[in-house]
Structure formats: C-alpha cells, structure tokens
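Asks: 3D, please:
(2 chains)
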Amino acid sequence: NAGVTQTPKFRILKIGQSMTLQCTQDMNHNYMYWYRQDPGMGLKLIYYSVGAGITDKGEVPNGYNVSRSTTEDFPLRLELAAPSQTSVYFCASSLLLADEQYFGPGTRLTVT
Amino acid sequence: GQNIDQPTEMTATEGAIVQINCTYQTSGFNGLFWYQQHAGEAPTFLSYNVLDGLEEKGRFSSFLSRSKGYSYLLLKELQMKDSASYLCAVKDSGAGSYQLTFGKGTKLSVIP
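Replies: Next comes the predicted model:
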C-alpha cells in the first residue's frame, strides 16, 4: 500500500494563477481532509469529505475548492493564488471521521 | 470553539525522560491525539486517549485527565531521532459532527 500520496511536492505560483493539488489514497478510507500548515502554527482544516460526492468546509476554506468524485481522490483547487496561500498543504485520510489520520508527504507551495 | 495550549519548544538530553503538556478547553470533548512530526515531513500518529488515565506504548506514554482538560506525552530513554515537533489534537463533537483541532505543536530538541 502506498498510503496517501500527494503531487506535486513543490510548486511556485505567481499571484493570480490557479492550480490543483492532487491527493490519492489506497486504503479505501471514506474520510479525507485537506490541511494547511504555516510556520509555528498548527494544522488548519481547509475542507474535508465524508465520502464520494460529499464535501464540507473546515476552518479556513476561503480561496479553495474541492471535489470528491471517487473514494480514492480528493483534489484541492486554488483559484487566483494569493501570497497568503503560501504554506505547506497536507492531505490526510481516516477510517472513521476525525479518527487516527494518515497524512500524505505534503506540498510546499510558494505564491509570489 | 477550542483552545489548545502546548509549550513552543523544549530541550532534553539523550537518555533522559521528557514530559510534553497539552491543555485544552472544548465544549464537546471526544478524545485527544498525539502526533509526531519530523522537520519537513508529515505528521504520524502516536497515541489516542478518550478515557482518563495512562496509555503506554513502548518508550512513549500518553496521559489524559478530562476533568482538568489536560494531557501529557511522556517520552522515556530519549534518542536523537526523537527530535521532532509533537502535536496535540482534540476531537470535538460540536454541532453534531466531529472536528479535529490541532495545537501549534511543541518542538523537542534532544541533545547529546
């Protein structure tokens, strides 16, 4: 099992550009999450999903969108990138809602 | 809402014991997690406490007191590889759904 995989590992965006962060898990978990982590700060929940076709906002959803067309994939879309979105983004999955989570390796995004 | 407090940084000596504290305030407590995160890597699950008391896993133990809103992670026989950030996360069941809120993490440095 690969667990949770994320692509890309690193990305530099210009202000106003858009991109999609990919996340895939092969553990057949229904629950998936997107977090951002800024230096010295805790993980902040952006969006989560309880199954294919069902998503909900977390603590910091503004500027992001998600979709969940399959159990395995949970992409995060950034529209009109802003410097405030410079961060490390982690995708995670769990068997039960808000239970032990398995994290992907992260995507380090810089917006300049 | 939730408020989670952990010390920002700690330093301990190889072979020693260190205790990392976490205090929290929440309206619908449903469990507390500890994660380990090495620099530049993803968080990995260490422990989960939902009932009062001590849970032991090898060199790591985690304690919970729900009445005091307090938990600690105890690391024994410290090794250099234990240098990492330790994240406390509280599971809350507010508004009929579960949320997981992370503290800012405690950066532990193990010195020879």
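Asks: make it CA atoms for all contacts and neighbour counts henceforth
Replies: Fine.
Asks: what bridges to the residue nearest to residue A:57 when sequence neighbours are not counted?
Replies: Distances taken as C-alpha to C-alpha, 6 or more residues apart in numbering or on different chains place residue A:47 nearest to residue A:57, at 4.6 Å, with adjacent residues excluded. Taking DSSP bridges, one finds residue A:34, residue A:57 as the beta-bridge partners of residue A:47.
Asks: cool, residue A:107 as well?
Replies: Residue A:107 forms beta bridges with residue A:89, as assigned by DSSP bridges.
Asks: leaving out sequence neighbours, find the closest residue to whichever residue of chain B sits closest to chain A.
Replies: Nearest to chain A, among the residues of chain B, is residue B:104, at 3.8 Å (C-alpha to the nearest C-alpha). In space, and not counting its chain neighbours, residue B:104 is closest to residue A:42: 3.8 Å by C-alpha to C-alpha, 6+ apart.
Asks: just confirm that neighbour contacts residue B:100, I think it does.
Replies: No - applying C-alpha atoms under 8 Å, one finds residue A:42 not in contact with residue B:100, separated by 11.4 Å.
Asks: need the contact list for the closest residue to chain B within chain A.
Replies: Ranked by C-alpha to the nearest C-alpha, the top residue of chain A for proximity to chain B is residue A:42, at 3.8 Å. Neighbouring residues of residue A:42 by C-alpha atoms under 8 Å, 6 or more residues apart in numbering or on different chains: B:87, B:102-105.
Asks: one more: residue A:32?
Replies: Remark: with contacts taken as C-alpha under 8 Å, 6+ apart, residue A:32 is in contact with A:48-51, A:74, A:91-94.
Asks: now the residues you listed as CSV including secondary structure, pLDDT and distance to residue B:12?
Replies: Shown next, in CSV, are the contacts of residue A:32 (DSSP: H, G, I helix; E, B strand; the rest coil; pLDDT from 0 to 100; distance: C-alpha to C-alpha, whole Å):
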residue, secondary structure, pLDDT, distance to residue B:12
A:48, strand, 94, 37
A:49, strand, 95, 39
A:50, strand, 93, 40
A:51, strand, 94, 43
A:74, coil, 98, 40
A:91, strand, 98, 31
A:92, strand, 97, 31
A:93, strand, 97, 33
A:94, strand, 95, 33
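Asks: which of those residues are buried? Put it as a PyMOL command.
Replies: Per 16 or more other C-alpha atoms under 10 Å in any protein chain shown, the buried members of these correspond to this PyMOL selection:
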select buried, chain A and resi 48+49+50+51+74+91+92+93+94
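Asks: in a markdown table, list the contacts of residue A:32 along with distance to chain B.
Replies: Compiled in a markdown table, the contacts of residue A:32 are given as follows (distance: C-alpha to the nearest C-alpha, whole Å):
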| residue | distance to chain B |
| --- | --- |
| A:48 | 10 |
| A:49 | 12 |
| A:50 | 11 |
| A:51 | 14 |
| A:74 | 17 |
| A:91 | 9 |
| A:92 | 10 |
| A:93 | 12 |
| A:94 | 11 |
